[in-house]
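Kindly return the folded structure for what I paste below:
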Amino acid sequence: MGELLKEVFSKLKLPLTFLWEFHRGFELYYVQGIKWEEEELENIFALILFGDYVGLPNPPTDLSFRLLPHVVREIYVMQEKASKEVTFKTGWIGV
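A predicted model of the protein is given here:
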């Protein structure tokens, strides 16, 4: 009986390993896409709040002040990205 189980597990190991690695590859691909989209949404959020610096109409001042504590990290990110050269990964305006 033990020999039969070992034989069944040895035959199932290769296909299951293949499917598991295939799944992990897709998972990594989509996680990278989601991270990139999150960065772009952060860029758009910052552009909405600080759009008056580039000539876009800004939201009311009261709303900007209430949202300001939530964008402290974004301000540091914008400062870091401002020193890098513009590429596709750094956003559509490099912010």
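
Retrieve the pLDDT associated with the one residue sitting closest to the centre of the chain.
Centroid-nearest residue in the chain, with CA atoms, centre = their mean: Lys35, separated by 1.1 Å. Lys35 is assigned 88 on the pLDDT scale.

helix or strand for it, which one?
helix 2-49 (DSSP states H and E).

tell me what that helix is packed against?
Packed against helix 2-49 by the contact rule (3 or more CB pairs under 8 Å, 6 or more residues apart in numbering; DSSP states H and E) you find helix 72-82. Glycine gets a C-beta too; all of them are placed from N, C-alpha and C.

can we see that at 10 Å?
Packing partners of helix 2-49 (3 or more CB pairs under 10 Å, 6 or more residues apart in numbering; DSSP states H and E): helix 61-67, helix 72-82.

Run the chain-centre distance for the last one.
If I follow you right, that is helix 72-82. Centroid separation between helix 72-82 and its chain, computed with CA atoms, centre = their mean, to the nearest Å, is 16 Å.

Only the buried residues of that helix, if you could.
For helix 72-82, the neighbour count (16 or more other CB atoms under 10 Å) marks Glu74, Met78, Lys81 as buried.

Redo those residues as CSV? Include pLDDT and distance to Ala46.
Compiled in CSV, these are given as follows (pLDDT from 0 to 100; distance: CB to CB, whole Å):
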residue, pLDDT, distance to Ala46
Glu74, 73, 5
Met78, 72, 6
Lys81, 70, 10
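
what would the residues you listed look like in CSV with distance to Glu39?
As requested, these are exported to CSV (distance: CB to CB, whole Å):
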residue, distance to Glu39
Glu74, 10
Met78, 12
Lys81, 9
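
Which of the residues you listed sits closest to Leu14?
Lys81 (45.3 Å; CB to CB).

could you measure the closest one against Trp20, distance?
37 Å (CB to CB, to the nearest Å).

And for Tyr76?
38 Å.

again, but for Pro57
Counting by CB to CB, the gap from Pro57 to Trp20 is 51 Å.

give me the low-pLDDT residue ranges for the chain?
Applying pLDDT under 70 to the chain flags residues 53-54, 56, 58, 84-95.

if we can go back for a sec, out of Pro57 and Trp20, which sits in the more crowded spot?
Comparing Pro57 with Trp20 by other CB atoms under 10 Å, the one with more neighbours is Trp20, at 10 against 7.
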